[in-house]
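Visitor: Okay, structure incoming, though there's no sequence with it:
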């Protein structure tokens, strides 16, 4: 419940849009019930008047019928616009809220996600919260409010019919769908597991295809994948039956309610206690009332998933940062730019293996040092510690003699430039990607940085120059070009310490040469730590140290 | 949030839907039955409306009491029940149709993978194919189970209503008839308006919508530039841009539902008002009038329900986008000789069998290969000469990306040389039967895959008839005996997918053992010690000595200690063999290998 309350709190700033959308949705439902009920009453009354049994003033109801039709249509359009407006406003709020909470957690939070492809799960979770209002909140509130109005209106004519309709609405709208949901979860038992097993088998098949062929075991894997497919269908079939029976029962309840209303009111009409037209009106009223609860099964089904999504996001939002910022009184600014590590030990969990154990390293100002060692030896961890992305358990790290823990974040970022194998280029223009390093840089400065990074000539080949989009949506830059855009950023930044994490790994010899040429210029006069296995890259450093075993 | 009518640009959506429809033809029979039972449900609904109208007419006009109308009320209950049953049958039929299509698609994807083999996977992103097999196949379910049947009902049920209604009340029938074709027409016109938004605009929307995810993914980079706090404003601004841009689109897109709603609702209102006045002037009896009024909303309902299944269509179109490339390329290129109907799974067209004697010598004769540069950074290999004899261990050493793994894959037959030839004794590799060649091979890739199943299943994957002694020997040689002994159920321990629960080093050692169980004649080991600590690596290399005499071993490594154990070292750089000789010779020569050795020996101060 607290999760639901926290979720609703995010909607508070936009409550006018939220309420407006719900109100319009209510108008849509009620206008339709009124339209059908009034139509039934109207034609019965007109028929009796035509037979001379009674008289009728037909102008008002005829106009009202047409008015209700137009009202419903207009309200429907307005409702869709307003609910989507509300959804999009909340979406913006939600994204900023989540980002602002994630930001202090820093890369440490991302590292833990990458393992299980959690980034895509976060994406799905945010998407499912985006739909909370449209799929759950608005339909549920509308079902409640409209049902009450519909039943209250019925009670005005006949209390028994009102009670009957209320019970039927509860059955068709809440009890049967909720029961079906529980049963479907039981019937689909193992469905999620089978689905996951199938997806994993698919991944294994493609990832391990070479091994399957060399081992002559592809046929067995094929049989396994197809068998999992069959098991999935079997679980889905059980679930399909529950859903089909639920829908059939809900429909049946609606029809029975109308039937019951007829049986209850016909004796009244026959006895002359109720005017005839009201019989047609009540029958259509009851029949139309079920539109109010029609979206509930979908809303209930989405509810559990949405709450789970919200819980996961709140958990991340509530997490504590991996490192704590220094108190303002403690803050010191380094004057020199040498790096010293003294007996540094670090591990990722409270217990377990050390990622770095008792490591000492001194890099003089302006010196370039290469770090080599087997993968997993802690080279990247060491760079993360110097960037203050991770806390370490013992030892000391200092820059220019100042304890790293006493340097404030902004100063540290100004001091250190990083070029990594996996430097992220954003789905934006080259210009935007460069401005990240220096927001107030002029175009001339940007072009100069690109030229220094060896991208000057290639820029002419890009379709829209600095405005060319990079990343998924735009022109794909080659690996070497992307790396050099990152180097251009570092040129703009002009920080005194340079951390290079496998800057040329994965590049062909030609690209490597061009990247190294640019790096050579960048490294001049800077304190540099270079992690690499490439002999040609390591030729740029004065000294190589080995990390780990 | 899904945008209605989103990425349907470029006619690809239509092409994807055509493709899916042609696949759905395979279940035509079941789909026709689904439509028939749906139509039956529609007819029952008409009967229900007539019975209700009959009851109300009798009571209001003829002054009948409850006793006189039971004869219609009881059958009404029967109609309710029948409708419920028919509805369930429809759901079942639609489900079976969708399931059969999914089964066929899955079989086809697997057949496609089988026909093309690992060589194909080299050029594809394996993730996309895995996605096709899992998620994309499921993505077509609702299209077949919900959208297609609903589409047929949207034509059949209104038609049935018109046929029944006309003889009773032709004026109401005419009102419905006139509004009916207007609905789809208007929806198409308005839909065009939404689709007319250019590709660029859609791309902009997609970009704005996904910005926050880009920022999250690039948080490390943002942090490094001290820009992560500043980025929060960008997230806010772009989310706001996304809102206003989306709303501009939606204002137009929702017009189609406005039109639908307008005609459907006004149609009902007009029917009611016209009936009312004709009743008043005695031009119509109450029974057909009420019958028409009850039918009017039902006339529009199937059309309205179409909108609810719109997502199913969009999802299916997206799924087909993932499936089509995987299946179509096999339709076009699959060689009849590798047709998988007979269960043959060779990676290459079946060729000559190998002689029954063990492979004695492998020779690379000026072999060149060039990667597609767009796929990755590696340029390939150039005119490589290499020989490898039974009982010999040859190490390919050199920096990562130098072409070592490419040479291994050429030997495995996963890649074909662009120039030159690989000889297996007296036969060129490209003339040999793929499966027969693989049967002689043992291969451990850089990142081995363990499959879901028991440890024993995994170890005997290449040799289902292996004896416990065979398994033991292989485990010993791979220094993996202690791993199995420490597992809770030993060889019967169930491994999760991808070997979850085991460390990278344990997975590598088990995979090494797996490649040895089948007693290969040629062994390709790609970085066998990369995930191991120095001690374990030494033990593994010692273990491999025990089988060395019977096998030709190609050892790919950038680990110096590992390369030193080989009989000969070939130092590879930028796709060429730049140095070769015994490890001692090379270390003394003072070339690249010697520099590599020197680099490896520096210790952290």
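Guide: Right, received. Where do you want to start? These numbers were taken from a predicted model, which means no experiment stands behind them. Numbering: from 1, shown residues only, chains lettered A, B, ... in the order given.
Visitor: for chain B, what spans make up the strands?
Guide: For chain B, the strands defined by DSSP state E cover B:361-370, B:380-389, B:393-397, B:419-424, B:427-428, B:441-444, B:453-454, B:494-495, B:522-526, B:552-556, B:568-573, B:576-581.
Visitor: Report the buried residues of the second one.
Guide: If I follow you right, that is strand B:380-389. For strand B:380-389, the neighbour count (16 or more other CB atoms under 10 Å in any protein chain shown) marks B:380, B:381, B:382, B:384, B:386, B:388 as buried. No exception for glycine: its C-beta is placed from N, CA and C like everyone else's.
Visitor: closest to residue B:58 among those residues?
Guide: Closest approach to residue B:58 among these (CB to CB): residue B:380, at 88.1 Å.
Visitor: That closest one pairs with what?
Guide: Taking DSSP bridges as the rule, residue B:380 bridges to residue B:370.
Visitor: ok, now which ones touch it?
Guide: Going by CB atoms under 8 Å, 6 or more residues apart in numbering or on different chains, residue B:380 touches B:368, B:369, B:370, B:371, B:403, B:406, B:418, B:575.
Visitor: how about JSON lines for the residues you listed, with neighbour count, distance to residue A:271 and pLDDT added?
Guide: Compiled in JSON lines, those are given as follows (neighbours: other CB atoms under 10 Å in any protein chain shown; distance: CB to CB, whole Å; pLDDT from 0 to 100):
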{"residue": "B:368", "neighbour count": "15", "distance to residue A:271": "101", "pLDDT": "90"}
{"residue": "B:369", "neighbour count": "22", "distance to residue A:271": "96", "pLDDT": "87"}
{"residue": "B:370", "neighbour count": "14", "distance to residue A:271": "95", "pLDDT": "81"}
{"residue": "B:371", "neighbour count": "19", "distance to residue A:271": "91", "pLDDT": "69"}
{"residue": "B:403", "neighbour count": "25", "distance to residue A:271": "98", "pLDDT": "82"}
{"residue": "B:406", "neighbour count": "26", "distance to residue A:271": "94", "pLDDT": "86"}
{"residue": "B:418", "neighbour count": "13", "distance to residue A:271": "97", "pLDDT": "89"}
{"residue": "B:575", "neighbour count": "25", "distance to residue A:271": "100", "pLDDT": "84"}
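Visitor: Which members of those are the farthest-apart pair?
Guide: Once CB to CB is applied, the contacts of residue B:380 give B:403 and B:418 as the farthest pair, at 12.9 Å.
Visitor: Can you pull the domain assignment for chain B?
Guide: Chain B breaks down by automatic domain parsing into domains covering B:14-167+B:305-335, B:170-283, B:361-600.
Visitor: same question, chain A
Guide: According to automatic domain parsing, the domains of chain A span A:1-158+A:294-322, A:159-273, A:339-546.
Visitor: between those domains, which gets the lowest average pLDDT?
Guide: Per-stretch mean pLDDT for those is lowest at domain A:339-546 (a mean of 83).
Visitor: so how far is that one from its chain's centroid?
Guide: Computed by CA atoms, centre = their mean, to the nearest Å, the chain-centroid distance of domain A:339-546 equals 30 Å.
Visitor: what's the first-to-last distance across it?
Guide: Its start and end residues considered, domain A:339-546 measures 17 Å (CA to CA, to the nearest Å).
Visitor: One more: stretch B:215-234?
Guide: OK, stretch B:215-234 end separation, CA to CA: 9 Å.
Visitor: average model confidence for that stretch?
Guide: The model assigns stretch B:215-234 a mean pLDDT of 84.
Visitor: From residue B:151, how far off is the nearest residue to residue A:51 once chain neighbours are set aside?
Guide: Counting by CB to CB, 6 or more residues apart in numbering or on different chains, the nearest residue to residue A:51 once its immediate chain neighbours are dropped is residue B:61, at 7.2 Å. As defined by CB to CB, to the nearest Å, residue B:61 lies at a distance of 40 Å from residue B:151.
Visitor: still on that earlier bit, just give me the closest of the contacts of residue B:380 to residue B:453.
Guide: residue B:406 (30.7 Å).
Visitor: Quick check: pLDDT value at the nearest residue to that closest one once chain neighbours are set aside.
Guide: Excluding its sequence neighbours, the residue lying closest to residue B:406 (CB to CB, 6+ apart) is residue B:381, at 5.3 Å. With respect to pLDDT, residue B:381 has a value of 87.
Visitor: Surely residue B:365 is in contact with residue B:417?
Guide: No - here residue B:365 does not reach residue B:417: they are 9.1 Å apart, not a contact under CB atoms under 8 Å.
Visitor: Quick check: the residue most central in space within chain B vs chain A, distance?
Guide: In chain B, the centroid-proximal residue (CA atoms, centre = their mean) is residue B:132; its distance is 1.6 Å. Taking CB to the nearest CB, to the nearest Å as the measure, residue B:132 falls 8 Å from chain A.
Visitor: got a list of what that residue touches?
Guide: B:109, B:322, B:323, B:326.
Visitor: And for the closest residue to residue B:520 other than its chain neighbours, the neighbour number?
Guide: Residue nearest to residue B:520 in three dimensions, not counting chain neighbours: residue B:442, with 3.0 Å by CB to CB, 6+ apart. Residue B:442 is flanked by 25 other residues according to other CB atoms under 10 Å in any protein chain shown.
Visitor: ditto for residue A:149
Guide: For residue A:149, using other CB under 10 Å, the count is 16.
Visitor: swap in the one 10 residues further on?
Guide: Residue crowding around residue A:159 was assessed by other CB under 10 Å; the count is 10.
Visitor: before we move on, back to that, residue B:224: which of the strands of chain B is closest?
Guide: strand B:568-573 (31.8 Å).
Visitor: That closest one pairs with which strands, parallel or anti?
Guide: strand B:393-397 (parallel), strand B:576-581 (antiparallel).
Visitor: Verify the stated contact: residue A:145 with residue A:26.
Guide: Yes - the criterion here is CB under 8 Å, and residue A:145 meets it with residue A:26 at 5.7 Å.
Visitor: Neighbour count: those two, which is higher?
Guide: Neighbours per residue (other CB under 10 Å) separate residue A:145 from residue A:26, with residue A:26 holding more: 20 against 17.
Visitor: For that one, give its distance to chain B.
Guide: Relative to chain B, and taking CB to the nearest CB, residue A:26 is found at 16 Å.
Visitor: From the contact counts, what lies against whichever strand or helix holds that residue?
Guide: Under the criterion of DSSP states H and E, residue A:26 resides in helix A:15-50. If contacts are counted by 3 or more CB pairs under 8 Å, 6 or more residues apart in numbering or on different chains; DSSP states H and E, helix A:15-50 sits against helix A:59-102, helix A:138-157, helix A:276-289, helix B:28-60, helix B:228-280, helix B:286-308.
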